[in-house]
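1. below are the sequence and a predicted model for it; my questions follow.
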Amino acid sequence: MIEATNLTKRYGTKTAVDGVSFVVEPGTVTGFLGPNGAGKSTTMRMIVGLDAPTSGHVTVNGKPYADHASPLHEVGALLEAKAVHTGRSARNHLRALAATHGMGARRVDEVIDMTGLGAVANKRVGGFSLGMGQRLGIAAAMLGDPRTLILDEPVNGLDPEGVKWVRTMVRYLADDGRTVFLSSHLMSEMAITADHLIVIGRGRILTSGPVQQVIDATSGTSVTVRSPGASQLAELLAASGVSISASEPGVLSVRGVDAAVIGDTAARHGIALHELTPVRASLEEAFMTLTADEVEYHSAGTHVQEGAAA
């Protein structure tokens, strides 16, 4: 379990993380979302003691990270895959980490096999592709068979097979009762993988909750209605809290009322329906709505966020 209480980090006059509080529960995959500059990476660095909070505190499995006698057995973290001695082989890098906790070559071999590094284990890390570097970072995070896993953009640079492998791995770990906390800019992947979301913008928590709850609370559900009597139906449905737009003649997009009410209204007034389809927003749409005013960098003339990690 990860517990943050009023966690704050300032760099001079800039507040990167502003009084955030959250709990990451064991047995779930918790996604950490936010645009560039939102404070995701800074928060993750404070969890594992790489940055000291300006105020507030954070614990992992009941203690600050620095207080754990065997931290690799408690927390596995992938925060910067490139933070590796480029002249070492992958195997020697993992052996050096393992030696700090009295782990032998057998465990190193296990994580090499687990992460698909067998063919390149004896090659220098400096020649690794981005995807292989990510796999090595995940291998290092898994080395101590930790109770808690923190992964910052774990699928960055991975091919589709690698992305699926990460998804399967984190799901397995959560089902085994472990705590999994990960960030990603791939909204479609996060929608599949995560159980729970924490969304941050400009250093503050914007919302949190189960994935579908966050989507529904942010973007709601619309209903697509296709009918030759669309104009009459729109007049009948018009009420406080109901939003109706027409994408083309005879087609309505209705928000604020569910499909059953629309169907019953049409039936009572003898209006033929050719389509009545509830449409749920995607996680990407919800994310863009939530963070529209929180994006630090915009492309010229648009509100499209940059793709760099926070």
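-> On my side now, so go ahead.
2. quick one, what contacts Gly162?
-> Going by C-beta atoms under 8 Å, 6 or more residues apart in numbering, Gly162 touches Gly116, Gly131, Gln134, Arg135, Val155. All C-beta atoms are positioned from the backbone trio N, CA, C, and that covers glycine.
3. that one: which element?
-> Gly162 belongs to helix 160-175 when assigned by DSSP states H and E.
4. now that helix, how far from the centre of its chain.
-> Here helix 160-175 shows a centroid-to-chain-centroid distance of 14 Å under the convention C-alpha atoms, centre = their mean, to the nearest Å.
5. I'd like the average pLDDT over that helix.
-> Average pLDDT, helix 160-175: 91.
6. give me the number of residues near the residue nearest to Leu233 when sequence neighbours are not counted?
-> Using C-beta to C-beta, 6 or more residues apart in numbering and skipping the chain neighbours, the partner closest in space to Leu233 is Ile271 (5.3 Å). Neighbour count of Ile271, defined by other C-beta atoms under 10 Å: 18.
7. could you do the one 5 residues further on as well?
-> Around Leu276 sit 16 other residues, with neighbours defined as other C-beta under 10 Å.
8. ok, now Leu149?
-> 23.
9. please confirm that the residue nearest to Leu233 is located within a helix.
-> No. Under DSSP: H, G, I helix; E, B strand; the rest coil, Ile271 sits outside any helix and is assigned coil.
10. do I have it right that it meets Ala234?
-> No. Contact criterion C-beta atoms under 8 Å: Ile271 and Ala234 do not qualify, at 10.5 Å.
11. where exactly do the helices run in the protein?
-> Using DSSP state H, the helices of the chain run over 40-47, 71-74, 90-99, 105-114, 130-142, 160-175, 187-193, 211-219, 230-237, 259-268, 283-291.
12. tilt between the fifth one and helix 160-175?
-> Spelled out, it's helix 130-142. 20 degrees (axes from the mean of the first three to the mean of the last three C-alpha atoms, to 10 degrees).
13. buried set for helix 130-142?
-> Gly131, Met132, Gly133, Gln134, Arg135, Leu136, Gly137, Ile138, Ala139, Ala140, Ala141, Met142 (16 or more other C-beta atoms under 10 Å).
14. got the CA positions of that helix in CSV?
-> Output of helix 130-142 as CSV, limited to C-alpha atoms (Å, rounded to 0.1, in the frame of the first residue of the first chain):
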residue,chain,number,x,y,z
LEU,A,130,14.4,1.8,-26.1
GLY,A,131,12.2,-1.2,-25.7
MET,A,132,15.0,-3.4,-24.4
GLY,A,133,16.0,-0.7,-22.0
GLN,A,134,12.4,-0.7,-20.7
ARG,A,135,12.5,-4.5,-20.2
LEU,A,136,15.7,-4.2,-18.3
GLY,A,137,14.2,-1.5,-16.1
ILE,A,138,11.2,-3.8,-15.4
ALA,A,139,13.6,-6.7,-14.6
ALA,A,140,15.4,-4.5,-12.1
ALA,A,141,12.0,-3.5,-10.5
MET,A,142,11.0,-7.2,-10.2
